[in-house]
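Participant: The following block contains a protein sequence and its predicted model.
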Amino acid sequence: MAKTAIITGASQGIGACIAKRLAKDGFNIAVNYYPSESDKAKAEAVAEDCRAFGVEAETFSADVSKYADCEEMTKAIKERFSTIDVLVNNAGITKDGLLARMSEDQYDMVIAVNQKSVFNMTKHAGTIMMKQRSGRIVNMSSVAGVHGNPGQFNYSASKAAVIGMTMSSAKELGSRNVTVNAVAPGFIQTPMTDALTEEQKKAILNQVAMRRYGQVDEIAGVVSFLVSDDASYITGQTIEISGGLSM
């Protein structure tokens, strides 16, 4: 029987790429998306791309910052696919601004989506994995959570917390054959980086030893490894994928 992977925030970007890579690896895919019509259409397209690899894929609407939404979605995925073998906590947002100008709402919203969602999904999916005595969890952190970043007090806090949560849950779940790891991407080529000026791009890339942006499929490739049998004895680790970024 094929194994099942949940990817949160998988309607676009890195999450969509991870979903398609794990489908290529043979996993059935649960594509989570934020409840909106635009995200629903994008998620359906991702699921269709996943099915092209010969696996089953379904979309699941949930605001992962909300505990009850995560509980309901996890139950629905378990009923649909029978097992939950992989969880990729990818959902995330930014609300950047200097600390002196950052509102409480900007702080709270980023913490809820980026940090509390990891608690919500790890709590519900991790409980199923413990009962199965097998599972793989990969949390999406960031180099901002490792080094900090000006203008991202809230984002850096949330991503640093994810690293701590990764280490703690790895120690709690390890005896049940559940591994928990994190990846910390650096500057990845996205529509956001494409919109930067040449001067801004040069300034960023001067901080990167490899002098280029990372690609979303390079993030997906590391996630693919971490959920594979080859990574069965790796847990509690954070892998920085930054091309040798110096901050």
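Facilitator: Received, thanks.
Participant: Please make it C-alpha for all contacts and neighbour counts, starting now.
Facilitator: Noted.
Participant: which ones are touching the closest residue to Val146 other than its chain neighbours?
Facilitator: Among residues not flanking Val146 along the chain, Ala160 sits closest, at 6.2 Å (CA to CA, 6 or more residues apart in numbering). By CA atoms under 8 Å, 6 or more residues apart in numbering, the contact set of Ala160 is Ser141, Ser142, Ala144, Gly145, Val146.
Participant: residues near the first one, how many?
Facilitator: Ser141 is surrounded by 31 other residues when neighbours are defined as other CA atoms under 10 Å.
Participant: separation between it and Phe27?
Facilitator: 23 Å (CA to CA, to the nearest Å).
Participant: Would you mind pulling the contact partners of whichever strand or helix holds Gly15?
Facilitator: Applying DSSP states H and E as the criterion places Gly15 in helix 13-24. Here helix 13-24 makes contact (CA under 8 Å, 6+ apart) with 5, 7-10, 29, 31, 46, 49-51, 53, 55, 90-91, 190, 216-217, 219-221, 223-224.
Participant: Separate out the buried members of the residues you listed.
Facilitator: 5, 7-10, 29, 31, 46, 49-51, 53, 55, 90-91, 216-217, 219-220, 223-224 (16 or more other CA atoms under 10 Å).
Participant: Let's see which of these end up in strands.
Facilitator: Using DSSP state E, the members of the buried ones among the contacts of helix 13-24 that fall in strands are Ala5, Ile7, Ile29, Val31.
Participant: which of those lies closest to Val208?
Facilitator: Minimum distance to Val208 across those is 28.4 Å, recorded for Ile7 (CA to CA).
Participant: Surely the closest one is in contact with Ile84?
Facilitator: No: between Ile7 and Ile84 there is no contact under CA atoms under 8 Å: 11.1 Å.
Participant: Which single strand of the protein contains the most residues?
Facilitator: Assigned via DSSP E, the chain shows its longest strand as strand 178-185.
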